[in-house]
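1. I would like to see how this sequence folds:
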Amino acid sequence: MQKNMYKYLNFNYLPGSEQIKMTIFRLSDEIAFPPPQLAREDGLLAFGGDLSIDRLTLAYSMGIFPWYSEGEPIIWWSPDPRLVLFPQKFRLSKSLKKVIKRKKFNVTIDESFEQVIRSCAGTRTDAGDQTWIVEEMIDAYCRLHKAGFAHSVETWQDGELVGGLYGVSLGKSFFGESMFHTQSNASKVAVAALVDYAQKAEFDFIDCQVKTKHMVSLGAVEISRELFLAILKKALKFQTIKGRWRIDDQDRQLIF
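-> As a prediction, this is how the structure comes out:
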């Protein structure tokens, strides 16, 4: 790999009076990343580059994803450990099963991708929290969606979008990015729908990136980066299901 594709930088960061020496890669215009095993202990690997389709799909294929805030450069991460949900290990609680059986929500896939991603961003900002889903990220993932790599699951109530999630799929893997809900259980039903699709498509795993109580309650577990990269390598041997995903009527009746 050419040396000019990325540079290894050392710099000092002063939080208060404590000086911390940090090491990070700076990406060039070449579509390339350093090995994810070289990420810092907190998962920080590199900064710079762009959010082109080629760079994003390469990043996900290497177990790397962007995560940054407004006004910051693009920052790339590969955490260790990694939170993963294996579809066959999904934990369907009795209460969630009752919600699904009551058909409280109508579920669709890839019907309103941009609305979902903007809702994910808006839910956080409305709550006064900072979001990494900045306009640049929204534009990039909408391009990924149009290219057939990014997908959304939507939950509706009385014709209104009340929950959903979005992420990226390569091979037999799905990389979850964010979810939202405005009605109780709406995002959990979206996860259940994604898991059902993943099971039928024989996906190996759903990447949840970092540990959250919400995803752990649904059966997600932490694994080492080494193991994550191994199962990712296996999943990428299969053809990516590109284009618009659908739930057919028969499947909808079986699950929802």
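
2. and for residue 23, the neighbour number?
-> Here the count is done by other C-beta atoms under 10 Å, and residue 23 has 11 residues near it. Every residue, glycine included, has its C-beta placed from N, CA and C.

3. average pLDDT for the host helix or strand of it?
-> Using DSSP states H and E, the secondary-structure element containing residue 23 is strand 20-27. pLDDT averaged over strand 20-27 equals 75, rounded to a whole number.

4. could you find the closest non-adjacent residue to residue 43?
-> In this structure, residue 43 finds its nearest non-sequential neighbour in residue 79, 3.4 Å apart by C-beta to C-beta, 6 or more residues apart in numbering.

5. equivalent analysis for residue 106, please.
-> Going by C-beta to C-beta, 6+ apart, residue 106 has residue 156 as its nearest residue, at 4.4 Å.

6. okay but that neighbour is in contact with residue 108, surely?
-> Yes. Residue 156 is within contact range of residue 108, at 6.9 Å (criterion: C-beta atoms under 8 Å).

7. mind checking the longest strand of the protein?
-> Of all the segments assigned as strand in the chain under DSSP state E, the longest by residue count is strand 160-170.

8. and the next element down the chain from it?
-> Along the chain past strand 160-170, the next helix or strand (assigned with DSSP H and E) turns out to be strand 173-181.

9. run a quick neighbour tally on residue 48.
-> Neighbour tally, residue 48, other C-beta under 10 Å: 16.

10. okay, it and residue 36: tell me how far apart.
-> Summarising the geometry, the distance separating residue 48 from residue 36, computed by C-beta to C-beta, to the nearest Å, is 16 Å.

11. neighbours around residue 146, how many?
-> The burial count assigned to residue 146 is 12, neighbours taken as other C-beta under 10 Å.

12. let me know the pLDDT of it.
-> For residue 146, the model assigns a pLDDT of 98.

13. pLDDT weak spots in the stretch 51-200 of the chain?
-> Residues of the stretch 51-200 of the chain that meet the criterion pLDDT under 70 lie in 124-130.

14. could you dump the longest strand of the chain to PDB, C-alpha only?
-> Coordinates of each C-alpha in strand 160-170 appear next as PDB, following Å, rounded to 0.1, in the frame of the first residue of the first chain:
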ATOM      1  CA  GLU A 160     -47.500   8.600  10.600                       C
ATOM      2  CA  LEU A 161     -43.900   7.500  10.900                       C
ATOM      3  CA  VAL A 162     -43.400   6.800  14.600                       C
ATOM      4  CA  GLY A 163     -40.200   4.700  14.600                       C
ATOM      5  CA  GLY A 164     -37.500   3.200  12.500                       C
ATOM      6  CA  LEU A 165     -33.800   2.400  11.900                       C
ATOM      7  CA  TYR A 166     -31.300   2.600   9.100                       C
ATOM      8  CA  GLY A 167     -27.900   1.100   8.300                       C
ATOM      9  CA  VAL A 168     -25.700  -0.400   5.600                       C
ATOM     10  CA  SER A 169     -25.600  -3.900   4.200                       C
ATOM     11  CA  LEU A 170     -22.700  -5.700   2.600                       C
END
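
15. appreciated, that's everything.
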